[in-house]
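1. the following block contains a protein sequence and its predicted model.
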Amino acid sequence: MVQIVILAGAILCAAQAVRSKRLLVSALWLAGTSALVAWLIYLLGAPELAVIELSVGAGLVTVLFVFAIHIAGEEPQALGGKLPRPAAWGLTGLSLILLMMLILPGMGVRTSIPILLPFAEVLWQQRGVDVLLQVALIFSGILGILGLLAGSERSGPDAEKEVS
């Protein structure tokens, strides 16, 4: 039951990420989607993969999106869809069916999920070095982005026009 609620929350966050008109808000909805998917992956019995999804998907990717949005700006662009609507809905439905087969008991795929340890124990006692390395990478990425933003003095042809 908890897995269905998490799945519904992830689908809601993903839909809001696509529907949002502002890029920054979309990036935050995408981070929420990634966090919920990480929780679902943990409940399905893959704590190592859940930690990686949480740190990279919800952490580092969100920081990179925010940085890219800051650099490029939030100018709306009208883009036409490359995939026909019926094909997009068909692929979405197929992926939801396959996901439900993996999540819901008795719908097809049988897996043996080991007894789960508490999340804190898996995170800090079994995968502590990996987690600290990921934290260091995310922290250095954030510092690098802040350094780029702080030292972003305009140079080139645009700067010469502003001075003149």
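-> The structure has been received and is ready for your questions.
2. which intervals of this structure have sub-threshold pLDDT?
-> 76-81, 83, 102-128, 131, 141, 145, 148-164 (pLDDT under 70).
3. quick one, strands of it?
-> Taking DSSP state E as the criterion, the chain carries no strands.
4. ok, now how distant is Val51 from Gln134?
-> 8 Å (C-beta to C-beta, to the nearest Å). Bear in mind the C-beta positions are built from the backbone N, C-alpha and C, glycine included.
5. more neighbours, these two?
-> Neighbour count, other C-beta atoms under 10 Å: between Val51 and Gln134, Val51 has more, with 21 against 18.
6. OK, contacts around Gly59?
-> Going by C-beta atoms under 8 Å, 6 or more residues apart in numbering, Gly59 touches Ile138.
7. how about the helices in the protein?
-> Using DSSP state H, the helices of the chain run over residues 2-19, 23-43, 47-52, 61-72, 85-103, 119-121, 128-150, 157-163.
8. contacting residues around stretch 2-17?
-> Contacts for stretch 2-17 (C-beta under 8 Å, 6+ apart): 26-27, 29-30, 32-33, 36-37, 39-40, 43-44, 96, 99, 103-104.
9. so Val18 makes contact with Ser26?
-> Yes. Val18 is within contact range of Ser26, at 7.5 Å (criterion: C-beta atoms under 8 Å).
10. looking at those two, which is more packed in?
-> Neighbours were counted for Val18 and for Ser26 using other C-beta under 10 Å; Ser26 has more, 17 against 9.
11. how near is the residue lying closest to that one once chain neighbours are set aside to Leu49?
-> Excluding the flanking residues, the one nearest Ser26 by C-beta to C-beta, 6 or more residues apart in numbering is Ser20, at 4.3 Å. In this view, Ser20 and Leu49 are 27 Å apart by C-beta to C-beta.
12. repeat for Ala87
-> Ala87 sits 30 Å away from Leu49, going by C-beta to C-beta.
13. higher neighbour count, these two?
-> Leu49 (13 against 10).
14. contacting residues around the more buried one?
-> Contacts of Leu49 by C-beta under 8 Å, 6+ apart are Ile41.
15. wait, isn't Ala62 in contact with Ala31?
-> Rather than Ala, residue 62 is Thr. Yes. In this structure, Thr62 is within contact of Ala31 by C-beta under 8 Å, at 4.1 Å.
16. all set, thanks.
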